[in-house]
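# heads up, no residue letters with this:
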């Protein structure tokens, strides 16, 4: 069981590199600006139901807070700074989503090969380390969009 945890964490962290590379490739594509306004969750109450507040607290109070320093404000931001950070959030969101899809493909292959425990472990880590960060970026972008309007 320990080997499944270690492999799942390793694959999930490696998926970040896949997301980073593929995100850089598609960043200049015409459809990129369209997907920057895409939201999986429409209602703010859904974020509370899935525990996004707790996830946000864990990020702020763990070593993960050091990962993307571009997503922090030192002082009250102006409009251009808000737009810049929104662009960074979009980049981060799409990178995590690409990583999520990558791990999803690996999970399907594991299920196909009958490795259900490994697939389940990957599923859990994929949600924690790829889906939730992507959803958090979407939630934060919504807040910025309200300010920008």
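Everything's here; your move. Values in this document were obtained by computation on a predicted structure and should not be read as measured data.

# C-alpha only now, for contacts and for neighbours.
Will do.

# Counting neighbours, what do you get for residue 12?
Taking other C-alpha atoms under 10 Å as the criterion, the count of residues near residue 12 is 24.

# correction: residue 136
Residue 136: 18 surrounding residues under other C-alpha under 10 Å.

# can you pull the pLDDT of the residue nearest to it when sequence neighbours are not counted?
Once flanking residues are discounted, residue 136 sits nearest to residue 52: 7.1 Å by C-alpha to C-alpha, 6 or more residues apart in numbering. We have a pLDDT of 92 for residue 52.

# Could you report the separation of residue 52 from residue 111?
Remark: distance between residue 52 and residue 111 (C-alpha to C-alpha, to the nearest Å) = 28 Å.

# circling back to that earlier point, check the burial of the residue nearest to residue 136 by counting its neighbours.
Residue 52, neighbours per other C-alpha under 10 Å, totals 17.

# Was I right to think it contacts residue 137?
No - in this structure residue 52 lies outside contact range of residue 137 using C-alpha atoms under 8 Å: 10.8 Å.

# Under the pLDDT cut-off, which ranges of this protein? List them.
Residues of the chain meeting the criterion pLDDT under 70: 68-73.

# quick one: the residue nearest to residue 136 from residue 44, how far?
For residue 52, the distance to residue 44 (C-alpha to C-alpha) stands at 10 Å.

# Equivalent analysis for residue 97, please.
Residue 97 is 20 Å from residue 44, by C-alpha to C-alpha.

# With residue 144 instead?
According to C-alpha to C-alpha, residue 144 stands 14 Å off from residue 44.

# quick one, helices of the chain?
Remark: helices assigned in the chain by DSSP state H are 2-26, 32-35, 44-49, 52-60, 79-112, 116-126, 132-148.

# how about the nearest residue to the residue nearest the centre of the chain, chain neighbours excluded?
The centroid of the chain falls nearest to residue 134 when counting by C-alpha atoms, centre = their mean (2.6 Å). Computed as C-alpha to C-alpha, 6+ apart, the closest residue to residue 134 that is not its neighbour in sequence is residue 93, at 4.3 Å.

# okay, now residue 114: neighbour count?
The tally of other residues near residue 114 (other C-alpha under 10 Å) stands at 11.
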